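1. got a sequence here, can you model it:
(chains A and B, ligands or ions: 1)
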Amino acid sequence: MPAMNMIQALNSALDAMLERDPNVLIFGEDVGYFGGVFRVTDGLQKKHGVTRCFDSPIGEAGIIGAAIGMSVYGLRPVVEIQFADYIYPGYDQIVSEMARIRYRSAGDFFVPITIRTPYGGGIFGGQTHSQSPEALFTHVAGLTTVIPSNPHDAKGLLISAIESDDPVIFLEPKRIYNGPFDGHHEKPVEPWPKHPMSEVPEGHYTIPLGKAAVVREGADVTVLVYGTMVHVALAAAKEAGVDAEVIDLRTLIPVDIGTIVASVEKTGRCVIAHEATLTSGFGAELCALVQEHCFYHLEAPIERVAGWDTPYPHIFEWDYFPGPKRVADAMRRAVEA
Amino acid sequence: MRNRSSLSLHIPQPKYRPGEKAEFSYVNVPKAGTVERPPSDAKAQNITSLAYSLIRVLDDEGNAVGSWDPKVNVEMLRKGLRAMMLTRAYDDRMYRAQRQGKISFYMKSTGEEATSAAYAFALERDDMCFPSYRQQGLLIARGYPVFEMMCQCYSNARDPVKGRQLPIMYSSRENGFFTISGNLGTQFPQAVGWAMASAYKGDDRIAAAWIGEGTTAEGDFHHALNFASIYRAPVILNVVNNQWAISSFQGIAGGEQATFAARAIGYGLPGLRVDGNDFLAVYAAAQWASERARANQGATLIELYTYRVEGHSTSDDPGRYRPADEGKSWPLGDPIERLKRHLIALGEWSEARHDALNTEMVELVRETQREVEAIGTMEGGARPPLGTMFEDVFKEVPWHLRRQREQAGG
Ligand SMILES: Cc1ncc(C[n+]2csc(CCOP(=O)(O)OP(=O)(O)O)c2C)c(N)n1
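-> The predicted model follows:
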């Protein structure tokens, strides 16, 4: 099996779907000839033709609106929003339209669209190349929200997203495109090929939406994470010397409540970590779910570690990013409480 | 049965890709001085041809010709030249600083300096500018210290925006330079609103805004034109058409079907298409539009036709999508060279003085860089205090941010 980084794995998923389904097409800013600013669509136009993978004007509302029209015709558009920070001009088309078309037409129309977009910090991108806006989508009824944390999952989840008959927001943690960054910014990042999850099968396979993965089994505390924070949590568990059970949610909505509950019932403790700002973040929803489903099993207050409630500050990247130290401290607090 | 032919989807393609020999014979370049200057109160529908022509003042010999010649004094021309040369020297230096890891990111304006610098002279000091990220020339021409600009890029302790923004995202109320956004196009309707406020207050100030041709695809561009037209806002709306939006040629923004200046026509606004590498033409167009705005005749859309000589930013590699030597055959030349030739033709400048000024600009930038780096760079040195991260989210720091500031150790 070839070892791939996340970019190659996503590219391979798109390639497989273009190959398999003539209704799949890709468009977005700079995705055509150039292959995207992160190179996820590299070579796809050349291989599959200009009408299968092409540049769009810089207009996110237009991109998403056009994707809706295409999908109504029966196509399966996969659109790229260059950075999640630039999705807001298209937000009305997402929230008022894409998310609700099945509901408002009582199933008469449906829109199988995948919106891929790189998100998250850790690249000194300042406030407009670093945001984690997942809660703005999980809060909207009708959107499936997916965040992979490794190349193998990225490919399988993206194929499932494209094949889904409902619209999917597919957020790609850009900091781990090239390697499983664990928050230790002072150390060089190991490239993906050294990681077991970089083994990516050729061709078509799926990872089901709505299923979390237990990436580390443990007895002391359940840690709920996704994206880059999966790797940060694993490093933090090691450094804190805590036997943590780390759960990579993979799909945020619908969230895999079964896996979460089984784990928290076992450990009795829970830490939630995400890069997004704390207040009204997805962690708040997870926190509510855990107390609702597991209240009588909890032995300590649920801990949340998140980005501070400020815009992402350029020079304070590492003071802002919820790195392994902050996550480890939270694990210790949860275990010692 | 209907006799129907099958449809096909049109995807615009640039003329040349890497490995091909680029040439711009398809760009229609009228002789300088051939486009007539109408009075600035002309009715928009009577001057629609200006949206399809190209206003040019400087001819190949460096003479200023035709009715658009703004006939400005030599002192101003020399100041304009200096501003453009300082901008270029600054860009070169900051680009290198990024390559050396001292700053995180940079964007040059090489070849496009006139599209900003000329405005500093055509506008009044208290007129307000709503720029995109490629108008550093405007700040420089308005006399904002290079020291402050550099500290912003270095996010150090003296950064006026406290390390919060990516390099080049300047902000200076004092210099009428609105804080730059990373989100494209948002400044366009904002400029219109500022201009509407000036009219509401019965003042005499006007606004100007800049946007890339790629960004005219955003809704905000169209909202701006529509509001400007409806409320007759005193604003100059500039589209800097530098041919490329990262890897997308101007056809992807709709440039195949009409010029960007022609976007004005449907909104009933005058649209001027201008040689953006001709300092005098840019100045003259800006002056025409400002005269019109100040006479309460409303907004003008100006397309500044130019070429992005360098990559989009330090994250870009233009060799992947356009011929490496494409810029060499760009038919409108270089704005600094052209203004220099003009001053020499006037007998007011020489190669020797030009070289001396260039050395002075390079030295000024280098000297400033030394001072700035002594304060701090991305790699170390003095930064804004950590606690400042939690300020200015709101006017007062609320309880939850005070708590987080404590947790962060700031
Ligand atoms: C809303 C939004 N969408 C996308 C981007 C990403 N982006 C940054 S610059 C750029 C190209 C802009 O091109 P143009 O408007 O022609 O200006 P130029 O860079 O050529 O000066 C893109 C797509 C962004 N910053 N904001």
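
2. burial count for residue 202?
-> If you meant another chain, say so; for now it's chain A. Neighbour count for residue A:202, taken as other Cβ atoms under 10 Å in any protein chain shown: 12. Bear in mind the C-beta positions are built from the backbone N, C-alpha and C, glycine included.

3. look at chain B instead
-> Neighbours of residue B:202 (other Cβ under 10 Å): 6.

4. let's see the pLDDT reported for residue A:314.
-> Per-residue pLDDT puts residue A:314 at 97.

5. how about the residues of the stretch 201-350 of chain B that lie near the ligand?
-> Taking Cβ under 6 Å from any ligand atom as the contact definition, the stretch 201-350 of chain B meets the ligand at B:212-215, B:240, B:242, B:244-246, B:308, B:312.

6. pretty sure residue B:90 contacts residue B:136?
-> Yes - with contacts counted by Cβ atoms under 8 Å, residue B:90 reaches residue B:136, the gap being 7.0 Å.

7. show me the contacts for residue A:57.
-> The contact partners of residue A:57, by Cβ atoms under 8 Å, 6 or more residues apart in numbering or on different chains, come to A:29, B:214, B:217, B:248, B:252-254.

8. for residue A:281, that is, sorry about that
-> Contacts of residue A:281 (Cβ under 8 Å, 6+ apart): A:135, A:274, A:304, A:306.

9. for residue A:281, see how far away the first one is.
-> So that's residue A:135. 5 Å (Cβ to Cβ, to the nearest Å).

10. do the last one as well
-> With the distance defined as Cβ to Cβ, residue A:306 ends up 5 Å from residue A:281.

11. quickly list what's touching both of those two.
-> Listed contacts common to residue A:306 and residue A:281 are residue A:274; contacts here mean Cβ under 8 Å, 6+ apart.

12. circling back to that earlier point, return the member of the contacts of residue A:281 nearest to residue B:410.
-> residue A:306 (16.3 Å; Cβ to Cβ).

13. from residue A:249, how far off is the closest residue to chain A within the stretch 101-250 of chain B?
-> Closest approach between the stretch 101-250 of chain B and chain A, counting by Cβ to the nearest Cβ: residue B:182, at 2.8 Å. Separation of residue B:182 from residue A:249 (Cβ to Cβ): 29 Å.

14. compare neighbour counts for these two and give me the winner.
-> residue A:249 (28 against 19).

15. I figured that one hits residue A:229, correct?
-> No - the pair residue A:249 and residue A:229 does not pass the contact test of Cβ under 8 Å, sitting 9.9 Å apart.

16. and the residue lying closest to residue B:319 once chain neighbours are set aside, what's its pLDDT?
-> Among residues not flanking residue B:319 along the chain, residue B:18 sits closest, at 6.2 Å (Cβ to Cβ, 6 or more residues apart in numbering or on different chains). On pLDDT, residue B:18 comes in at 97.

17. assign a three-state SS to the residue of the stretch 101-250 of chain B closest to chain A, would you?
-> coil (DSSP: H, G, I helix; E, B strand; the rest coil).

18. roughly how far apart are it and residue A:185?
-> Counting by Cβ to Cβ - residue B:182 and residue A:185 are separated by 22 Å.

19. for residue B:235, same thing?
-> For residue B:235 relative to residue A:185 (Cβ to Cβ), the value is 44 Å.

20. of the two, which one has the most company?
-> The neighbour comparison of residue B:235 against residue A:185 (other Cβ under 10 Å) goes to residue B:235, with 33 against 15.

21. ok, the nearest residue to that one once chain neighbours are set aside - contacts?
-> Distances taken as Cβ to Cβ, 6+ apart place residue B:195 nearest to residue B:235, at 3.8 Å, with adjacent residues excluded. By Cβ under 8 Å, 6+ apart, residue B:195 lies in contact with B:206-207, B:228, B:233-235, B:293, B:299.

22. which SS state does residue B:195 fall under?
-> helix.

23. read off the pLDDT value for the residue of the stretch 101-250 of chain B closest to chain A.
-> 96.

24. surely it and residue A:126 touch.
-> Yes - between residue B:182 and residue A:126 there is a contact under Cβ under 8 Å: 6.7 Å.

25. quickly list what's touching both of the two.
-> B:166, B:169.

26. quick one on the thing from earlier: in strands, which of the contacts of residue A:281 fall?
-> A:274, A:304, A:306 (DSSP state E).

27. contacts only, for the residue of the stretch 1-150 of chain A found nearest the ligand.
-> For the stretch 1-150 of chain A, the residue closest to the ligand is residue A:86, as judged by Cβ to the nearest ligand atom, at 3.5 Å. Taking Cβ under 8 Å, 6+ apart, we find residue A:86 in contact with A:60, A:128, B:183-184.

28. do the same with residue B:28
-> residue B:54.

29. surely it is in a helix?
-> No - assessed with three-state DSSP, residue B:28 is coil; it does not lie in a helix.

30. look up how far residue B:273 lies from it.
-> Taking Cβ to Cβ, one finds residue B:28 at 10 Å from residue B:273.

31. quick one, helices of chain A?
-> A:6-20, A:44-48, A:60-73, A:91-92, A:101-104, A:135-138, A:151-163, A:228-240, A:257-267, A:282-294, A:317-320, A:324-336 (DSSP state H).

32. how about TSV for the contacts of residue B:195, with distance to residue A:269, secondary structure and pLDDT added?
-> Shown next, in TSV, are these (distance: Cβ to Cβ, whole Å; DSSP: H, G, I helix; E, B strand; the rest coil; pLDDT from 0 to 100):
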residue	distance to residue A:269	secondary structure	pLDDT
B:206	62	coil	98
B:207	57	strand	98
B:228	59	helix	98
B:233	59	coil	98
B:234	63	coil	98
B:235	59	strand	99
B:293	65	helix	98
B:299	61	coil	98
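
33. which of the residues you listed sit farthest apart?
-> B:206 and B:228 (11.4 Å).

34. pretty sure residue B:74 contacts residue B:348?
-> Yes - using Cβ under 8 Å, residue B:74 makes contact with residue B:348 at a distance of 4.8 Å.

35. which of the ones in strands among the contacts of residue A:281 lies closest to the ligand?
-> After measuring these against the ligand - Cβ to the nearest ligand atom - the closest member comes out as residue A:274, at 23.6 Å.

36. burial count for that closest one?
-> The burial count for residue A:274: 28, using other Cβ under 10 Å.
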